[in-house]
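*Asks:* Would you be able to build a 3D model of this:
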Amino acid sequence: MSKRAYKYRFYPTTEQENLLAQTFGCVRVVYNKILSERTKLYYDQKESVGYIKANAMLTTLKKSADFNWLNDVSCVPLQQVLRHQQAAFSNFFAGRAKYPTFKKKGAKQSAEFTKSAFKYVKAEGDLVGKLYMAKSKEPLDIKWSRELPCEPSSINISKDCAGRYFVSCLCEFNPKPLPKVNKTTGIDLGLTHFAIEDNGVKHRNMRFTKKHAAKLALAQRKLSKKKLGSANRAKAKIKIARIHAKIADSRLDYLHKLSSQLINENQVICIESLKVVNMVKNPKLAKHISDASWGEFTRQLEYKAEWAGRKLVKIDQWFPSSKRCSDCGHITDKLPLSIREWACPSCNALLDRDVNAAKNIKRQGMSLIAFGENVSAA
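*Replies:* Alright, predicted model coming up:
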């Protein structure tokens, strides 16, 4: 059994919207208050605070006169946000993330509900059921795009900066492996084209940010002229958030369609493992690299390959895929990004930079499968 989150958009009633606003606010206050206390205790008394002590702090906080309004919402999201905070600290101490930061009112808001704080009712014969959250008598008006495989173990309700509400249901499901195919592919990621396969097929880089750049710039100029704290400024901020949401949704849709296509068509996929965090430090290419979203694309290929019974092979980032001739194996000394085609000085083969890299990535990936992980990349 595997776990998978199914995300749907929903439209809350006025009562639910007010309840969610109150819940989001309480979650944010608890997170920031406990984070402040943990940081202060460490610097003042060198005392480390874990989840159990943080939960005790929350109990004390709810009993105080100044914060008794925390009892007006479900206690589950308040406890869950402390678990998320503990996970953030664990990632920080393990070197996987930066120090936890405070939650902001103008950013994305979310609250997690476990089974004791929601109810999923499904009548026999119905494709989808009704979802009730704690302290609300009416079911959420969810736009079910697909059926849930089972009753959710937890749900996460969120509101993005564009004012849209989403519910994510965590369910267990049995992934069904796809029928085996004989096709394999090597993929080189780029900016001129998003993904290039070893057979010469090049998938477009859609450049979604550039497509909406003029509209976004106009909206930002209008925002800069609005008075701070005014209602018109709040409306202008929502317009900008909606443009950003359009960009993000379009990009995610493209990545899902392309990754699913590659998984369906190939039994083995070989791809280079890029350190995107280091690559975005390049001031000239940072915006374009971030817009391409190579990391999210690789993540989608990874979990979809696992579910479908496919194999994803990641090649070392230092493997000279572009500089090596795919015909004779000669490695050239220098190959600037501006050169898209080059002739091998050893065998005189005319090579397309990206297709050549994809062929080398595929050959190296198949070698790793055949001979093990200790195969030399040189």
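
*Asks:* which helix in the chain runs the most residues?
*Replies:* helix 231-265 (DSSP state H).

*Asks:* by contact count, what packs against it?
*Replies:* Helix 231-265 sits against strand 184-189, strand 193-197, helix 208-211, helix 213-224, helix 294-308, with contacts defined as 3 or more CB pairs under 8 Å, 6 or more residues apart in numbering; DSSP states H and E. To be clear about C-beta, it is placed using only N, CA and C from the backbone, and glycine gets the same treatment.

*Asks:* Nearest residue to the residue most central in space within the chain in space, please, no chain neighbours.
*Replies:* Most central in the chain under CA atoms, centre = their mean is residue 296, positioned 6.2 Å from the mean C-alpha point. Using CB to CB, 6 or more residues apart in numbering and skipping residues adjacent in sequence, the residue nearest residue 296 is residue 255, 5.9 Å away.

*Asks:* Then residue 76?
*Replies:* Counting by CB to CB, 6+ apart, the residue nearest residue 76 is residue 117, at 3.8 Å.

*Asks:* Relative to residue 183, how far out is the one you found?
*Replies:* Spatial separation of residue 117 from residue 183 under the definition CB to CB, to the nearest Å is 47 Å.

*Asks:* Check residue 106 too.
*Replies:* The gap separating residue 106 from residue 183 is 48 Å, by CB to CB.

*Asks:* For the chain, just list every one of the strands.
*Replies:* Along the chain, the segments classed as strands by DSSP state E run 2-10, 109-114, 118-121, 130-133, 154-159, 165-173, 184-189, 193-197, 202-204, 268-272, 311-315, 341-343, 350-352.

*Asks:* among those, which is nearest residue 144?
*Replies:* Among the strands of the chain, strand 2-10 comes nearest to residue 144, with 6.2 Å by CB to CB.

*Asks:* Residue 363 and residue 185, how far apart?
*Replies:* Distance of residue 363 to residue 185, given as CB to CB: 12 Å.

*Asks:* Settle it for me: which of the two has more neighbours?
*Replies:* The neighbour comparison of residue 363 against residue 185 (other CB atoms under 10 Å) goes to residue 185, with 21 against 18.

*Asks:* so that one makes contact with residue 266?
*Replies:* Yes - counting by CB atoms under 8 Å, residue 185 does reach residue 266; the two are 4.7 Å apart.

*Asks:* Quickly list what's touching both of the two.
*Replies:* Overlap of the contact sets of residue 185 and residue 266 (by CB atoms under 8 Å, 6 or more residues apart in numbering) is empty.

*Asks:* got any ranges where this structure has weak pLDDT?
*Replies:* Within the chain, the ranges that satisfy pLDDT under 70 run 372-378.

*Asks:* how close does residue 224 get to residue 129?
*Replies:* Relative to residue 129, and taking CB to CB, residue 224 is found at 47 Å.

*Asks:* And residue 223, by the same measure?
*Replies:* Note on residue 223: its distance to residue 129, by CB to CB, is 41 Å.

*Asks:* Between the two, tell me which one has more neighbours.
*Replies:* For residue 223 versus residue 129, neighbours defined as other CB under 10 Å are more numerous around residue 129 (18 against 15).

*Asks:* ok, for that one, nearest residue in space, not its chain neighbours?
*Replies:* Nearest non-adjacent residue to residue 129, counting by CB to CB, 6+ apart: residue 122, 3.0 Å away.

*Asks:* count of neighbours near that neighbour?
*Replies:* So residue 122, with other CB under 10 Å, has 15 neighbours.
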